[in-house]
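In: Next comes the sequence, and after it the predicted model I'd like to discuss.
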Amino acid sequence: MEKEKIVGSFASGGITGIIVDMFHEGLFKSLFDVQCFDNKAIESYKSDKAHMGMGASMYGNPHNKGSVADNLDVMILGATQIDTDFNVNVTTNSSGIIMGGSGGHSDTAAGAKLSIVVTQLYKGRLPIVVDKVNTVTTPGDTIDALVTERGIAINPKRQDLIERFASLDTNLPIVTNIEELKNIAERITGIPEEIEFDDKIVAAVEYRDKTVIDVVRKPI
């Protein structure tokens, strides 16, 4: 951003000291805050006039035309699992147990012009890229790219991005498809046994338009 003289109008989300540093260096004009993750973020929220708190409606309400989620250029997201259709799970862990609410994960993915999932290719000897996620938190058609330490996969629906990267002189490790990353991980970790689930439904995953896109079943 410094090299290309790029200044963002705002940064949003759970604010950390690193984002505060970027703000103080003039890389963002303002910060919109739903959570402070460390003491530096808290101090900035207390003293910086352009560091502002916001409610859930301003953050991600799809019926609010001014919502921050729908005015993002780039959103960087995490994942506990991502499958070969780019569906993302941040609802349940590798054992199928609910971890907590997903925050604005699906809202910001849907609203941003570019949504990027950043994760390690495997964690705790378990591959993160799988054939099918245990729980769909964020639909794959709203995810544009997966960035890992061993390669970058771009969603085939974003042919504009694929063509752009093909035209650039870059050493970024772009792979042909996400299955390549899955295969790399499995060569290192092996293929884990699938989790078995009971028929009992313990939770429903509600999308931003109030439709139920998945359910969470009790692991056996």
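Out: Thanks, I have it. Numbers count the residues shown, from 1 in each chain.
In: Now for Lys218, which secondary structure element holds it?
Out: Taking DSSP states H and E as the definition, Lys218 sits inside strand 212-219.
In: cool, Met22 as well?
Out: helix 17-24.
In: go on, Ala153?
Out: With DSSP H and E as the test, Ala153 turns up in strand 151-154.
In: ok, residues contacting that strand?
Out: 121, 144-146, 161-162, 165, 172-175, 177-178, 180-181, 184 (CB atoms under 8 Å, 6 or more residues apart in numbering). In short, each C-beta sits where N, CA and C put it, glycine included.
In: Name the nearest of the residues you listed relative to Ala112.
Out: Asp144 (8.3 Å; CB to CB).
In: Have a look at this protein and report the helix or strand with the lowest mean pLDDT.
Out: Within the chain, no helix or strand scores below helix 56-60, which has a mean of 86 by mean pLDDT, DSSP states H and E.
In: Check which element follows that helix along the chain.
Out: strand 74-77.
In: May I have the strands that pair with that next one, each with its orientation?
Out: The strands beside strand 74-77 in its sheet (DSSP bridges) come out as strand 114-118 (parallel).
In: Can you list the buried residues in the strand it pairs with?
Out: By 16 or more other CB atoms under 10 Å, the buried positions in strand 114-118 come out as Ser115, Ile116, Val117.
In: buried stuff in the lengthiest strand in the chain?
Out: In the chain, with assignment by DSSP state E, the single longest strand is strand 197-206. Using 16+ other CB under 10 Å as the burial criterion, the residues of strand 197-206 that qualify are Val205.
In: Now do it against strand 212-219: the angle between them, please.
Out: Computed with axes from the mean of the first three to the mean of the last three CA atoms, to 10 degrees, the direction of strand 197-206 lies at 150 degrees from that of strand 212-219.
In: name the helices or strands packed onto strand 197-206?
Out: strand 212-219 (3 or more CB pairs under 8 Å, 6 or more residues apart in numbering; DSSP states H and E).
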